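**Student:** mind looking at a prediction? Sequence and model below.
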Amino acid sequence: MEKLFSVKHIICLLGNRNYEDFDFRNGCAYVYSREAGEIVIEAPDGQIPDQTANQMLDVLNNLNDCTEKAHRLLKDVKIDLEAYPHALDKGFAVCGIYFGHFRWGHGNHPDENGFVMTFTTVEYYPLDFSVKFHYPDRHPFTLEAWGCE
């Protein structure tokens, strides 16, 4: 079982560059948050770059603002309400954040260095939704649905 920490505690760990509670494997670091779920950090050579740690501090200190921005995109999501009539009754919850490089769209876009917040519906729906953000302005630029339907 993973240890769960508050975002506030993770901010302290990052600020002190204390990564002993992070799990390093496969080029990434993992830490688990009560408020944001699984946090995955690109960590080449088993190290979190200072630039990435600073980016994480900025995002986690502004997590509510980032979540609100993501919800503006999520409010327009189209789901099968006939099959899942109550899927949106309680809205969306953050279930993970990724910090690092990622591709988006259908592969024609260059690698982006930013962060991705993943959301699930509070009520069951078989898809999750990723909102991808530019950094340093913390501006969401795309919404992608994924999972098994």
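**Tutor:** That came in fine, so what should we check first?
**Student:** what ranges does this protein have for its strands?
**Tutor:** Taking DSSP state E to define them, one finds strands in the chain at 4-5, 23-25, 28-33, 37-42, 92-102, 112-121, 127-134, 139-147.
**Student:** centroid residue for the protein?
**Tutor:** For the chain, the residue nearest the mean C-alpha position is Ile97 (1.9 Å; C-alpha atoms, centre = their mean).
**Student:** for beta bridges, what are the partners of that one?
**Tutor:** Ile39, Met117 (DSSP bridges).
**Student:** thought it was touching Gly37?
**Tutor:** Yes: with contact defined as C-beta atoms under 8 Å, Ile97 reaches Gly37; the gap is 7.5 Å. Every C-beta, even on glycine, is put in place using the N, C-alpha and C of the backbone.
**Student:** hey, what's in contact with both of these two?
**Tutor:** Thr118 (C-beta atoms under 8 Å, 6 or more residues apart in numbering).
**Student:** low-confidence ranges, this protein, go.
**Tutor:** The chain contains residues with pLDDT under 70 at 1, 104-112, 148-149.
**Student:** ok, the residue nearest to the centre of the chain - contacts?
**Tutor:** Per C-beta under 8 Å, 6+ apart, neighbours of Ile97: 36-40, 59, 115-118.
**Student:** can you pick the most crowded of the residues you listed?
**Tutor:** Counting neighbours by other C-beta atoms under 10 Å, Phe115 comes out on top of the contacts of Ile97 with 27 neighbours.
**Student:** now it: how far from Leu14?
**Tutor:** Distance of Phe115 to Leu14, given as C-beta to C-beta, to the nearest Å: 14 Å.
**Student:** then His86?
**Tutor:** Separation of His86 from Leu14 (C-beta to C-beta): 37 Å.
**Student:** now Ile48
**Tutor:** Using C-beta to C-beta, Ile48 is found at 8 Å from Leu14.
**Student:** repeat for Arg34
**Tutor:** Arg34 is 16 Å from Leu14, by C-beta to C-beta.
**Student:** which one's more surrounded, those two?
**Tutor:** Counted by other C-beta under 10 Å, Arg34 and Leu14 do not tie: Leu14 has more neighbours, with 22 against 12.
**Student:** Ile41 reaches Asn26, doesn't it?
**Tutor:** No: applying C-beta under 8 Å as the test, Ile41 and Asn26 come out as separate, 11.8 Å apart.
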